[in-house]
Each structure stands twice: as structure tokens, then as C-alpha cells.
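Engineer: I need the structure of the sequence given here:
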Amino acid sequence: MATSQDIISYMQRRTSLSVETFLISPSLGESEVAHSVISLANQLVKDYSDRYPSFQRRNYRFLMQTIEILAQLLEPITESGSHKSSISTYLTEFYIFLNKAKDLIIYCLESRRLRLLISNSMISNYFHNLDREILCILDVINWEDMNLTDDIAKLIEFMKKKLGQEKIFVDQVEESLKRTIFGFYEALEAGEVPDLTNIHKYFVQDLGITDAKTWRLESESIEDLIIRHENDSCVPLPVLRGFAALMQYGKLLIFSVQEEPPVVNEPLVLIPDDFLCPITQDLMIDPVTLTTGHTFERTAILDWFKRGNLRCPITRTALSGIILIPNKAVQSMISKWCAANGMPYDPPALLKTPEERRRNNIEDSSRAVLVAKKATLKLALDLLSQGVESAQISALAQLRLLTESDKQMCIEIVNFGSVPILMGLLKSENRVKQENCAVTILHLSLYRENTDSIMRTKGSLTIILKVIQSAHTDTARQHAIALIRNLSVVPEYKKKIAKEKGLLKAVTELLYSESIKDKINAMQILRNLSTMETRIFMIKAGIAKVMVKAMFVQEFKKPAADVLALLVTLRKGAKKIRKEKLIVIILTRMMQWGTPMERESATRTLLAFFSHGGSKAMRRSFQRPQLRDLITSLLRSHLARDRNKAARLLRLHEKFRELI
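Structural biologist: As a prediction, this is how the structure comes out:
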């Protein structure tokens, strides 16, 4: 049985519905088929005759009248048995017609106002096609072979005459409303933003969108059309994107002080960590994998490389080249998960060729969309500065959307000087404000042009630290952690971050969190902050002891060893690390059974440990008989850097023996 989704597909592709979708089972007898047709017609009349869609009311009413008359016509004919002579051949055709009518009825009743309006002509045409279809069936049936009563014969003639006179009907009032919203789009294309009076009159008075929740549902219906869009759709993709941008602006303009129950307070579906980009903390749309094996959102990792970073964001491994491998397996799992949880998902695989991908990007940045977004941005920032809490909640929600994947909007926010305001709102006791603010600032931090403004804002690190320690929601806390991770990549900020009172301790505590994501982010932050300038602050914060414990976790062995290799170069660090009796055992095992990268890291750490740890460190180390064998095996490595480190270790070993 077809659903109303078939009608959506029909309207997008302008093709007929598959007849096979509605065929009756061949195992049914004629009487059962006749009963199915009549039951379906009566059920449609019962369920939908007293309901009306927002638009297309005349066409809808005429279709319901046609179905009602059809039920009145077929019931006495089939009951009398006269259908066996001729009409039985066409019962399947009636059944197909009724199912198509049912899907169109459901589509009209369930669709939002704007969705019906912008497809007004096409829907009218589909109603007309159904009228022509039933008229064709009535015309080909040989009614003269049946013993019809005068009343039935007159009913048939009346129905044929009425359908024959009916022409395609397009309501001119509805067409006028349709032209108005297209006029708004044309104004945006010309660089003009519709004013409050016109937007309020059109959306609130004419369309009856009188509250923020209804407005959000209307916006989501347009977004759904964009996701489902096909090349031959009745409305071009740039226009749909313009409508979506206009709806964002209009909602903020009209309902900025109207409190709608926020989406974040509704039951949420927890997105699996594996589906989130480690950089943006957002659901991945186009996942790609680096040679290190870690997966990222394509746009996020490309921005990472454009900022001059040539290391993996997770492992900090130097990359010989930028090789992005599309991760189709993860993309498929994300797609299935989104479908199972009712979340929209628009993977780039829907764009068949690079030319289509390029054209889609051009369409997305059309002048109308850009003008509407800038107007929304300016309005949102004005509302933030006014101090009305409900308006600030609405404004932050829009800023979160605007900055999600739009670099230009992120830069515009900073250029407006709004980072201090956002930092102030990050301290809010309102959980919705704090969460949206944390997400927005994280989006800003993805671009190097913006990070200076974040770091220059007075007390920014203190505020972020407070959110990490006592955020009102897990989402706010995780985005604050990701924000520190992004900032810790920039060389100029490392010392300032490490000096922030309590920050290193808070990050260290995350290593004991139950969240795998928190642990990974914490280790990445500590690895990023490990420099010659910051090592003293890390030692004071007790990082050395924590890193030794972290080496017992398989995923953290290498980054922990890298941090220790730096900390041990300072006398205080060497002294603290010497106290950890298991350090040499762990490093030796890494050299013996680790991956090539882990072996290299362990060798580097041991070398630093021996060089700066003194005779006590060497005595403890060289008492392990297998260590010399491991050093000897490294001398045969095909990598020059491994051979060099092994030679230096061997010289230290010989020096130690001479001292003894």
C-alpha cells in the first residue's frame, strides 16, 4: 500500500505513481474485490469528508464529492450482481484511483501551509489528473449492458458531466500568496530585506502562523523540501534555500520575545560518539579518514589543514600529505541511524558528480540566502545586547544555526565585536542559553581568524573552565572541552592556557571520566600543551604521575609517552618521574610489543629519561636484561631516526657500565 510519501515523490519527479503499488491480490474473488473498493471509498468519506487542508480546499472538496458519489454508484450495482457482466473488469482501476486519491488527501492534510503554497499549481494539476482518470474509467465502461435503475443511470450521467466540465482549478487567492513569498525572495536577491510590517502581515495575518512553534514547523517543512530536492522539482533549490533563510530571519524578527518550549528540553536522542566529528562535535555528513585511521567531517579537517596544521588532530602525528579517504561505512551507519531515529540526513553522495557538488555550493551561497543570513545575524546580535532573556534565547538559537557550517557568518560575528557578549552569556544560569552559547563559540573557534578575539576577551579561559567544571548540560560541558582543545592547538596560546589557574587540573580530571570522548579530548589537550614553555606548569599540576597511569590504557600509550618525554627534560619532572617504578617496565614493553609509532615514542621517552634522570634512572633501567636486546634490535631498523636513538641509548648504557 502506498503512503503519502509517494505523492511527495510524485510532486518532485512529475511522474506517475507505480500502478503495481496498488494492485489487489489475485487470490481475491470478484465479490471480495468489490467489497474492498466500496469499503475503501466509504472509509475515505467517513475519515476525511469533514476535514480540510490549509489550501487547495476547492479541489479537495470536489475530490471528496467524487469519491462519495462513486461509493453511492458502486454499492447498489455490486449488490445486485450486475457488475459481473462488465464493471468487474474495472474494479481494480477504481481501487487504484481511490488509493491515489487517499495519498493526495493525506498529503494535503498533513503538509504545512508553505509547503502546499509554493507547490500550489502542481498540486492543482494532480487533482485535475485524478478527475481525468476517473472520468476515463467511467467512459470506457459499457453501462448499457447492465440492468441499471433510472436513479443509478442518472447518477452516472451526472458524474460524467460534472467531471467533463471540470477544468484545472488554481485558486487565485492562493496564487497571490504564492507570488508574495516569491516576491520576498526577489527582494532579497536585489539586496533588500523585507520589513517587519510586510513579514508580519504575510506570515501571521495571511498565513495564520501565529506562534513560534508553528513557525518552526513551517521552517522544518521547507528544510525537508531542500533535503528531498531533485533537479526537476517545481521550485529551484536556490529559491528553497532563500525561503529557509527568510523563515529564520522572520521567526527571530516576530517571535524573539515569545518563549517556545526549547527543543533541548524535549526528549533527546543521544548521538553515538563515533558519529560525531572530533573537531566540531557535530554529526558528520561527509566523513573522511586520515592515514592515521581517525575519521573527521570533510569540511572540518580541510579547515584544519588550511590553518597550517599538518598533523593529525587526534594523534598529533606528522602527515606526509593530505590524503582524505571517504569513509562510506561510517556514512552508511550514520544514514541508517538517522533514518531509525527520525533525523534528516543529506549525505553528499546524493550529488552524483563533482560538477553537481560545485553547483550546489554556488546555489547555497546565492545572494538572497546571504542577504537573509546577514539580516538574521545583525538582528540576533542586537537582541543579545538588549538583555531580554527570552530574546537572547531565540537569538542564540539562531546564531548556533548560522555558525554551524558557514565560515563567513562566524567571521561576521567576530567583526561585530560580539565575542565578549557571548562569553558573558556563557556564564548564564539558563541551561538553554549556556548550551547554545557554548556551541556557537566552538563554531567560531574553528577558524584561526576568530581565535584571537576569543583569547583576548577578558576572563575567557576562566569562564570556559567554569563551564567544564559545572556546566548545566553535558552538551555545554563537552563543547567547552572541545573549545579548549581547539585553542590549545595554536602555539601562541599554549602558555596562557597552561598558566590558567585550575585549568590543567580540570583537564587532568577528565582522564578519569566515564566518557570516552572526554578522555580523548583531555589527552589531546595535554598533548597539545606539551611545550618547553609549559612543562613547568604541567609538572606543578601533577601531569607526570597522571601520564604514567595513562600509559596503562592502550589508546593513550603513545601520547602519554610523548608528554613524559618532554616533562623529563626538566629537573623537577625527572625527579617526579623517577619515583614511578613502573615507568621503565611500561616503556620497555612498548618497545617490545608496540606499533612502530609506539616503539619510536617509547624509545624517545627512554632516551630523555636516561639523559635527564641521572644514574638512579639508568640503574633501574639497565637492570632489565631484555633492554639491551631491544636496543640492539633497533640498531637494525630501516629508519635512520630509530638507529640514531638506539645508538645514543647504547652509548648511555656503556657509560653506565663504566661508572659501575
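Engineer: Following element in sequence after the strand or helix carrying Asp224, please.
Structural biologist: Using DSSP states H and E, the element containing Asp224 is helix 212-227. Using DSSP H and E, the helix or strand that directly follows helix 212-227 along the chain is helix 237-255.
Engineer: what packs against that next one?
Structural biologist: Counting contacts by 3 or more CB pairs under 8 Å, 6 or more residues apart in numbering; DSSP states H and E, the secondary-structure elements packed against helix 237-255 are helix 113-118, helix 172-189, helix 196-199, helix 212-227, helix 354-364, helix 367-386, helix 389-402. Every residue, glycine included, has its C-beta placed from N, CA and C.
Engineer: Give me the phi and psi for the spatially most central residue of the chain.
Structural biologist: With distances taken as CA atoms, centre = their mean, Leu283 lies nearest the centre of the chain, 4.6 Å away. Backbone torsions for Leu283, taken as degrees, to the nearest 10, come to phi -60, psi 130.
Engineer: And it, what's its pLDDT?
Structural biologist: In the predicted model, Leu283 carries a pLDDT score of 81.
Engineer: Quick check: the gap between it and Leu302.
Structural biologist: For Leu283, the distance to Leu302 under the criterion CB to CB, to the nearest Å works out to 17 Å.
Engineer: do Glu75 as well
Structural biologist: The spacing between Glu75 and Leu302, counted by CB to CB, is 66 Å.
Engineer: Would you map the helices across the stretch 401-550 of the chain?
Structural biologist: Taking DSSP state H, counting those that start in this stretch, the helices of the stretch 401-550 of the chain run over residues 407-415, 419-425, 431-445, 448-456, 460-470, 474-487, 494-499, 503-510, 516-529, 535-540, 543-550.
Engineer: Nearest to Lys373, out of those helices?
Structural biologist: Taking CB to CB as the measure, these were each checked against Lys373, and helix 407-415 came out nearest at 6.1 Å.
Engineer: could you check the angle helix 448-456 makes with that closest one?
Structural biologist: Per axes from the mean of the first three to the mean of the last three CA atoms, to 10 degrees, the angle that helix 407-415 makes with helix 448-456 is 30 degrees.
Engineer: tell me which residues of helix 407-415 are tucked away?
Structural biologist: With burial defined by 16 or more other CB atoms under 10 Å, the residues of helix 407-415 counted as buried are Met409, Cys410, Glu412, Ile413, Val414.
Engineer: Apart from its neighbours in sequence, what residue is nearest the third one?
Structural biologist: What that stands for is Glu412. With CB to CB, 6 or more residues apart in numbering as the criterion, Glu412 has its nearest non-adjacent residue at 5.8 Å, and that residue is Leu377.
Engineer: isn't that neighbour right up against Ile413?
Structural biologist: Yes. Contact status for Leu377 versus Ile413: in contact at 6.8 Å, counting by CB atoms under 8 Å.
Engineer: which neighbours do these two share?
Structural biologist: Both Leu377 and Ile413 are in contact with Leu399, where contact means CB atoms under 8 Å, 6 or more residues apart in numbering.
Engineer: re earlier: for the residue nearest to Glu412, what are its contacts?
Structural biologist: Leu399, Leu402, Met409, Glu412, Ile413, Phe416.
Engineer: now do Asp282
Structural biologist: Contact criterion CB under 8 Å, 6+ apart gives Leu276, Glu297, Glu404 as the residues in contact with Asp282.
Engineer: would you turn these into TSV with distance to Ala71?
Structural biologist: Rendered in TSV, the data for those read as follows (distance: CB to CB, whole Å):
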residue	distance to Ala71
Leu276	54
Glu297	55
Glu404	51
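Engineer: For the buried ones among the residues you listed, write the corresponding PyMOL selection.
Structural biologist: Entered in PyMOL, the line below selects the buried ones among those, by 16+ other CB under 10 Å:
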select buried, resi 276+297
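Engineer: which residues sit in contact with Leu116?
Structural biologist: Contact analysis of Leu116 by CB under 8 Å, 6+ apart lists Pro53, Ser54, Phe55, Gln56, Cys108, Ile123.
Engineer: Alpha carbons only: can I get stretch 583-601 in PDB?
Structural biologist: Taking C-alpha atoms only, stretch 583-601 is exported to PDB below (Å, rounded to 0.1, in the frame of the first residue of the first chain):
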ATOM      1  CA  ILE A 583      57.700   3.700  34.000                       C
ATOM      2  CA  VAL A 584      60.700   1.700  32.700                       C
ATOM      3  CA  ILE A 585      58.700  -1.600  32.600                       C
ATOM      4  CA  ILE A 586      55.900   0.100  30.600                       C
ATOM      5  CA  LEU A 587      58.300   1.800  28.100                       C
ATOM      6  CA  THR A 588      60.200  -1.500  27.700                       C
ATOM      7  CA  ARG A 589      57.000  -3.300  26.900                       C
ATOM      8  CA  MET A 590      56.000  -0.600  24.400                       C
ATOM      9  CA  MET A 591      59.400  -1.100  22.700                       C
ATOM     10  CA  GLN A 592      58.900  -4.800  22.600                       C
ATOM     11  CA  TRP A 593      55.300  -5.200  21.500                       C
ATOM     12  CA  GLY A 594      54.000  -1.800  20.400                       C
ATOM     13  CA  THR A 595      53.300  -0.500  17.000                       C
ATOM     14  CA  PRO A 596      56.100   1.200  15.100                       C
ATOM     15  CA  MET A 597      54.900   4.600  16.200                       C
ATOM     16  CA  GLU A 598      54.600   3.400  19.800                       C
ATOM     17  CA  ARG A 599      58.100   1.900  19.700                       C
ATOM     18  CA  GLU A 600      59.600   5.100  18.400                       C
ATOM     19  CA  SER A 601      57.800   7.200  21.100                       C
END
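Engineer: For Pro278, see how far away the nearest residue to Leu302 once chain neighbours are set aside is.
Structural biologist: Setting aside the residues directly before and after it, Leu302 is nearest to Leu324 in space (CB to CB, 6+ apart), at 7.7 Å. Per CB to CB, Leu324 is found 15 Å from Pro278.
Engineer: Neighbour count: these two, which is higher?
Structural biologist: Relative neighbour count places Pro278 above the other of Leu324 and Pro278, with 22 against 16, counting by other CB atoms under 10 Å.
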